[in-house]
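Asks: Here is my input, please return the structure:
(chains A, B, C and D)
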Number of protein chains: 2
Amino acid sequence: MAGPPRLTDPSRAAGEMPATPPVPAAPSRATIIDVAAAAGVSRQTVTRAMNGMSGISAATKERVLAAAERLAYRPSRFGRGLVTGGDHQLGLVVNDLRNPYSPQLASAVYRLAAEQGWNVMLADTTLAGDADRIVQALGSQTDVVIGYLGNRRERWTELLGSVPMVELDPSVDPPTAAVWIDPAESIEALADHLVATGVRHPVVLDNSQPGQPSARGVLMLDALHRRGYLPELVHGPHGTAECGAEETARVLARRRRLDAILAFNDVMALGVLQACRRAGVDVPGDLRAVGVDGLPLGALVSPTLTTLAVDLDAVAREALDLALGMLAGELPRSGATVQRTVRHRLLVRESA
Amino acid sequence: MAGPPRLTDPSRAAGEMPATPPVPAAPSRATIIDVAAAAGVSRQTVTRAMNGMSGISAATKERVLAAAERLAYRPSRFGRGLVTGGDHQLGLVVNDLRNPYSPQLASAVYRLAAEQGWNVMLADTTLAGDADRIVQALGSQTDVVIGYLGNRRERWTELLGSVPMVELDPSVDPPTAAVWIDPAESIEALADHLVATGVRHPVVLDNSQPGQPSARGVLMLDALHRRGYLPELVHGPHGTAECGAEETARVLARRRRLDAILAFNDVMALGVLQACRRAGVDVPGDLRAVGVDGLPLGALVSPTLTTLAVDLDAVAREALDLALGMLAGELPRSGATVQRTVRHRLLVRESA
DNA sequence: CTGAAAGCGCTTACAG
DNA sequence: CTGAAAGCGCTTACAG
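Replies: Numbers count the residues shown, from 1 in each chain, chains lettered A, B, ... in the order given. As a prediction, the model looks like this:
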């Protein structure tokens, strides 16, 4: 970038009309042409040297590489990609890398993608103030996108334009292609389990705003109602352990009778456990706690966390299968919706 | 992809010599030319419509967009990038997304990068069987790379070629540019703390192979030695909670006197806590446990984990600063090494 | 072993 | 409001 215009320029002879200001051009990157010139060879000889191709003498190669080094030459990924077609690039949209769920999912996606020779670009939409830009950038750099769109689905689908997209765990009406992560059956199993273990007064700790319970929270409430419970719904705005602990402390202080908390996810449930410890409430003796996700983390705490586990390898597999199918033109890109479902399963550990 | 060659082709007149087999060309992506032809306009009119530029009538725009939709047209990122220069792209190499340390670091890097308008590509080198390919792909798609190279530094530096690189937490001799993460001072503070709390028989649980202790393990042993301890060194091959628990169980079974375990990282320390619970060993009453990293996770378990915390925001900031400086040509790309240091600090919680 | 030519798909001035 | 021309940086045949 050029600095502010100088009012006087000592190198300029007095009286001369100032032509273009003496701004040194931005140190633009060396191109293959520059290297060719510096090494006294043609472009394709530079290509041969840089890419370790045959048909070049050792001496020439060395001379070219030296010139490249000297000029800090790097082949443009665009120039190369234009002619080679480039690698396959998968975009993955996650909510917040700081919630262990995201890296766990990302990990599964990366592994499967790598097996297919695909590269992965990750976008974290919670971290960035400017999530819209991030999503758009992701779309423009990738061949297909999979991930969580949450309540910004419409906007982001727009931004993604014609990039094929597989939505993970959509909240409502079916989009083009999606992998549903369905807790319904496991929630029934959990409710039965709570009945069997003598729970009387359960609370659902949702990650939501008042008046807008999550689909998951609604399913939990409903399953409990159908079994004769009168469950309370608590709204936790953040889905973090801190938030889980805070809301739990509040409920514990307020309610006399309360012997189970069903948290929106494992991380919030960890907060539940922490708040119970602080309040001297024994889990599972006095109160049973349950999370959702099945993170490995839940097996490391004490008591170990009972949870509705989801097989993230399966989610990744279905999503990739869908994505690759759409690209190959085997599946519709729009119109008829293509969907897969992965179900949670009840994983009983110590906390309930 | 074409199917197997058909032996008979009903559409071909009998007796005709089979010319090229009737293989439908792979459904190659539509280009701007195809869209222009379909809409009956020129290429740059298509550009105007696709990019929401001015100087195009509503009717034309609509016609072009319809044609684009019909042909499933997506602008090539290479064609566009070649002329626009493309977005800045940062590569980040991490060890294993399943260790919470990695997403924590990635999270910090993503946030800072996004603030600067940079995109980030992540490579997980532990997951992929084919880490070399992943690293090379990362290098060819990005403008600068930062991350963990571990003991494969030499090979990967080679693969990265002329991509500017900032190494995180290098193990030995200084590479081109690096951010050191230095636990030395915090280890001294920790050793003093252990002395003050009356520890007599500490064990260092390293993440290493026998005969090749980590630099961190060596510092711990040395600090303990200098204070008159005779610490034992235990090698944990994996750096995971499972591994930490396993080695701890083994040591507990073998050693009579043992009142502190200094683990290589927080995740292993979580395994230590778990093994102690199972063995009925009270922490910190019977045994003190310490981790390294300062993961938020350590505050969620009971007892909360005493640790040597590292400020990952600072690490990310220094690394990005170095990387951007190298790109801007303000810092040397090779020769003189450029380095920064971020120090751990002792974070005393409940476990020690 | 080396080079001249063509072309990948797009955008940016510039003319009309 | 629309289009003809040039060019971004590279690689892939093809000639020599």
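
Asks: quick one: stretch A:259-269 to chain centroid distance?
Replies: Centroid separation for stretch A:259-269 versus its chain: 22 Å, with CA atoms, centre = their mean, to the nearest Å.

Asks: Endpoints of that stretch, how far apart?
Replies: 14 Å (CA to CA, to the nearest Å).

Asks: ok, is it in contact with chain B or not?
Replies: No - contact of stretch A:259-269 with chain B (CB under 8 Å from any CB of the partner chain) is absent, the minimum separation being 8.6 Å. C-beta here means a position set from N, CA and C on the backbone, and glycine is covered the same way.

Asks: can you tell me how far the residue nearest the centre of chain A sits from A:Ile146?
Replies: Residue closest to the average C-alpha location in chain A (CA atoms, centre = their mean): A:Val94, at 1.9 Å. A:Val94 is 10 Å from A:Ile146, where distance means CB to CB, to the nearest Å.

Asks: circling back to that earlier point, thinking the residue nearest to the centre of chain A is in contact with A:Leu122, fair?
Replies: Yes - A:Val94 is within contact range of A:Leu122, at 6.7 Å (criterion: CB atoms under 8 Å).

Asks: Mutual contacts of these two, please.
Replies: Common neighbours of A:Val94 and A:Leu122 (criterion: CB atoms under 8 Å, 6 or more residues apart in numbering or on different chains): A:Ala106.

Asks: Quick check: phi and psi at A:Ala289.
Replies: Backbone torsions of A:Ala289, given as degrees, to the nearest 10, read phi -130, psi 140.

Asks: list the contacts for it?
Replies: Going by CB under 8 Å, 6+ apart, the list of residues near A:Ala289 reads A:Ala260, A:Ile261, A:Ala263, A:Ala269, A:Val272, A:Leu273, A:Cys276, A:Val283, A:Leu305, A:Thr306, A:Ser351, A:Ala352.

Asks: Just the buried ones from those?
Replies: Applying 16 or more other CB atoms under 10 Å in any protein chain shown to those, the neighbour count classes A:Ala260, A:Ile261, A:Ala263, A:Ala269, A:Val272, A:Leu273, A:Cys276, A:Val283, A:Leu305, A:Thr306, A:Ser351, A:Ala352 as buried.

Asks: At the contact with DNA strand D, which residues of chain A appear?
Replies: By CB under 7 Å from any atom of the strand, the residues of chain A that approach DNA strand D are A:28-29, A:31-33, A:43-44, A:46-47, A:50-51, A:73-76, A:78-80, A:82-84.

Asks: Kindly confirm my reading that A:Val179 is in a strand.
Replies: Yes - under DSSP: H, G, I helix; E, B strand; the rest coil, A:Val179 sits within a strand.

Asks: list the contacts for it?
Replies: Applying CB under 8 Å, 6+ apart, the residues near A:Val179 are A:Val166, A:Glu167, A:Leu168, A:Asp169, A:Val315, A:Glu318, A:Ala319, A:Leu322, A:Gln339, A:Arg340, A:Thr341, A:Val342.

Asks: 10 Å instead?
Replies: Contacts for A:Val179 (CB atoms under 10 Å, 6 or more residues apart in numbering or on different chains) come out as A:146, A:166-170, A:314-323, A:338-342.

Asks: Now that we have those, which of them are buried?
Replies: Buried among these by 16+ other CB under 10 Å: A:146, A:166-170, A:314-323, A:338-340, A:342.

Asks: now, which of those residues lie within strands?
Replies: A:Ile146, A:Val166, A:Glu167, A:Leu168, A:Val338, A:Gln339, A:Arg340, A:Val342 (DSSP state E).

Asks: of these, closest to B:Leu295?
Replies: Within those, proximity to B:Leu295 (CB to CB) peaks at A:Leu168, which comes in at 25.7 Å.

Asks: got a list of what that closest one touches?
Replies: A:Leu168 makes contacts with A:92-95, A:105, A:109, A:146-150, A:178-181, A:315-316, A:318-319, A:342, as judged by CB under 10 Å, 6+ apart.

Asks: Kindly report the same for A:Gly91.
Replies: A:120-123, A:135, A:137-147, A:160, A:163, A:165, A:323.

Asks: What is the three-state secondary structure of it?
Replies: strand.

Asks: picking up where we left off before, tell me the one of the contacts of A:Ala289 nearest B:Gly294?
Replies: Distance to B:Gly294 across the contacts of A:Ala289 (CB to CB) is lowest for A:Leu273, with 20.7 Å.

Asks: Surely the closest one touches A:Leu297?
Replies: No - between A:Leu273 and A:Leu297 there is no contact under CB atoms under 10 Å: 11.4 Å.

Asks: For the two, list the residues in contact with both.
Replies: A:Gly291, A:Leu305, B:Leu300, B:Val301.

Asks: just the helices in the stretch 1-150 of chain A please.
Replies: A:32-39, A:43-50, A:58-70, A:77-84, A:101-115, A:131-141 (DSSP state H, counting those that start in this stretch).

Asks: and among those helices, the most buried is which?
Replies: helix A:101-115 (a mean of 23; mean count of other CB atoms under 10 Å in any protein chain shown).

Asks: Any idea how far it is from the middle of the chain?
Replies: Remark: helix A:101-115 is offset 10 Å from the chain centroid, using CA atoms, centre = their mean.

Asks: ditto for stretch A:87-103
Replies: Between the mean C-alpha location of stretch A:87-103 and the chain-wide mean there is a distance of 2 Å, by CA atoms, centre = their mean.

Asks: Could you give me the buried positions within that stretch?
Replies: Buried residues in stretch A:87-103, defined by neighbour count with 16+ other CB under 10 Å: A:88-103.

Asks: hmm, that stretch touching DNA strand C?
Replies: No - with CB under 7 Å from any atom of the strand as the criterion, DNA strand C is not reached by stretch A:87-103; the gap is at least 15.0 Å.

Asks: Dump that stretch to CSV, keeping only the CA atoms.
Replies: These are the backbone C-alpha positions of stretch A:87-103, laid out as CSV (Å, rounded to 0.1, in the frame of the first residue of the first chain):
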residue,chain,number,x,y,z
ASP,A,87,-8.2,-30.9,-5.8
HIS,A,88,-11.7,-31.6,-4.6
GLN,A,89,-12.6,-29.3,-1.8
LEU,A,90,-15.2,-29.9,0.9
GLY,A,91,-16.6,-27.2,3.1
LEU,A,92,-17.7,-27.9,6.6
VAL,A,93,-19.8,-25.4,8.6
VAL,A,94,-19.8,-25.9,12.4
ASN,A,95,-21.2,-23.9,15.2
ASP,A,96,-18.4,-23.4,17.7
LEU,A,97,-15.1,-25.2,17.8
ARG,A,98,-15.0,-24.7,21.6
ASN,A,99,-17.9,-27.1,22.1
PRO,A,100,-16.2,-30.5,21.9
TYR,A,101,-19.0,-31.7,19.7
SER,A,102,-17.7,-29.7,16.7
PRO,A,103,-14.2,-31.0,16.6
